[in-house]
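Colleague: pasting the sequence and the predicted coordinates here, then a few questions.
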Amino acid sequence: MSYSGSGNSGGSSAGGASNAGGAWRNDGGVPPHAFDPDLQPELFRGVLTRRVFAFLIDLVVLSVPVILGYIFIFVFGIVTLGLGWMLFWLAWPATIVWAVVYYGASIGGPHSATLGMRAMDLELRTWYGAPGYFVLGACHAVLYWVSVSFLTPLVLLVGLFNGRRRLLHDIVLGTVIVNSSVRTQVVPSARSSY
């Protein structure tokens, strides 16, 4: 009977504690944090202010199709003598779906940022440096709205008390928002080729 589990025998033995691909680690398996505010303070300079403006831009981007949708339903209701107005009950759920898809697709896209974040030169990264993905972007939006709804907007003050300027939903999801122009100069991409 042979066992090739992840037993920690204290060194790189034949058990496979370390290999060329880096799949097995002997140091607990937790990679170091990719972004250090002490070594790279320029990554976090002005991030909270930029996030406010990015949020406002994203709010406009999200609102325009929703407003157009409400106008369409109103006009459609007039044309159909009131029958089209029954679509108003779909507008609110469609707005939520649109917001979740927008954040998921934007953060899961090649820039790891929404349109507002791109305009403000920001991008979302995981704590170990990897770019965002669809589910992370969708969860980021949902958790933000849940935290602000239940804990009041004062929960946003959490960002003032940590070096990485992370908000509560960033901490829970393990994400960090950095200046994208500085990150491309300082931190190499966390994706490695296999």
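Modeller: That came through, no problem. Note that the structure is a prediction, hence the values are computed from the model and not measured.

Colleague: any weak-confidence spans in this structure?
Modeller: 1-32, 183-194 (pLDDT under 70).

Colleague: helix or strand: which one has the residue most central in space within the chain?
Modeller: Residue closest to the average C-alpha location in the chain (CA atoms, centre = their mean): residue 137, at 4.3 Å. If you go by DSSP states H and E, residue 137 is part of helix 134-151.

Colleague: list the buried residues for that helix?
Modeller: 134, 136-144, 147-148 (16 or more other CB atoms under 10 Å). Using the backbone N, CA and C atoms, a C-beta is placed for each residue, glycine as well.

Colleague: now swap in stretch 175-182 and tell me
Modeller: Buried, per 16+ other CB under 10 Å, within stretch 175-182: 175-180, 182.

Colleague: can you list the buried residues of helix 134-151 in CSV and add distance to residue 92?
Modeller: Below are the buried residues of helix 134-151 laid out as CSV (distance: CB to CB, whole Å):
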residue, distance to residue 92
134, 23
136, 25
137, 21
138, 18
139, 21
140, 21
141, 16
142, 16
143, 20
144, 19
147, 21
148, 18
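
Colleague: so which elements touch the longest helix that the chain contains?
Modeller: The longest helix of the chain (DSSP state H) is helix 47-79. When contacts are defined as 3 or more CB pairs under 8 Å, 6 or more residues apart in numbering; DSSP states H and E, helix 47-79 packs onto helix 88-107, helix 115-119, strand 122-126, strand 175-179.

Colleague: out of those, which gets nearest to residue 54?
Modeller: Residue 54 lies closest to helix 115-119 among the helices and strands packed on helix 47-79, at 3.7 Å (CB to CB).

Colleague: count of neighbours near residue 35?
Modeller: Neighbourhood size, residue 35 [other CB atoms under 10 Å]: 22.

Colleague: quick one: what helix or strand has it in it?
Modeller: With DSSP H and E as criterion, residue 35 is part of no helix or strand.
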